[in-house]
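In: 3D, please:
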Amino acid sequence: MQIAESSVASFHYTLTDDQGQVLDSSEGREPLTYLHGVGQIVPGLEKAMTGRQAGDQFKVDVAPEEGYGVHHAELTQTVPREAFQGVEDIQPGMQFQGHGPQGVINVTVTGVDDQVVHIDGNHPLAGKTLHFAVEVTEVRQATEEELAHGHVHGEGGHEH
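Out: Numbers count the residues shown, from 1 in each chain. I've put the predicted structure just below:
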């Protein structure tokens, strides 16, 4: 069976950056399982998965526009250190949730000065080309319940 709309696919992957450094991998874990066609993985990878079948191994480069988006400079800000009341030791790389005009936003601390904290609301991989090495391990038809709920159930998926 080929990966198509309304199918469930499982795959192992290794994600690297432009320098070949591993950013994420399923090595040593269960394969990632998702419902194809509902946006559970980045669009560029989902497109590359279409038509594949169990046993296929391939590499794909996903541009920022088809990955985690381009980097938006307006999502970087400098905020007063007082905005982090109750946090004694703020360090670059720490992540927090904040509230913006569109609701909850995740931010990453990019720098800390005596009076201010520099934050970035972009996804940490925004603006980066994603390099995936993929091995498809299983493809099956989604159940009616999975389609109705919009996610995979059972092994590798959601439990109710």
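
In: show me the shaky parts of this protein.
Out: The chain contains residues with pLDDT under 70 at 155-160.

In: can you give me the strands in it?
Out: Using DSSP state E, the strands of the chain run over 7-16, 22-25, 32-35, 57-62, 76-80, 95-100, 103-112, 116-120, 130-141.

In: output the contacting helices and strands for the longest one.
Out: Same thing as strand 130-141. In this structure, strand 130-141 packs against strand 7-16, helix 43-49, strand 57-62, with contacts taken as 3 or more Cβ pairs under 8 Å, 6 or more residues apart in numbering; DSSP states H and E. No exception for glycine: its C-beta is placed from N, CA and C like everyone else's.

In: can you tell me which of these comes nearest to Gly86?
Out: strand 7-16 (33.9 Å; Cβ to Cβ).

In: need the contact partners of that closest one.
Out: 1, 3, 22-27, 31-37, 49, 52, 130-142, 146, 152, 156-157 (Cβ atoms under 8 Å, 6 or more residues apart in numbering).

In: buried subset of those residues?
Out: 3, 26, 31-36, 49, 52, 130-132, 134-139, 142, 146, 152, 157 (16 or more other Cβ atoms under 10 Å).

In: now the strands of the chain in JSON lines, with distance to Val87?
Out: Shown next, in JSON lines, are these (distance: least, Cβ to Cβ, whole Å):
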{"stretch": "strand 7-16", "distance to Val87": "30"}
{"stretch": "strand 22-25", "distance to Val87": "26"}
{"stretch": "strand 32-35", "distance to Val87": "33"}
{"stretch": "strand 57-62", "distance to Val87": "34"}
{"stretch": "strand 76-80", "distance to Val87": "12"}
{"stretch": "strand 95-100", "distance to Val87": "8"}
{"stretch": "strand 103-112", "distance to Val87": "10"}
{"stretch": "strand 116-120", "distance to Val87": "9"}
{"stretch": "strand 130-141", "distance to Val87": "31"}
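
In: nearest to Asp89 among these would be which one?
Out: That would be strand 103-112 among these, by Cβ to Cβ, at 9.3 Å.
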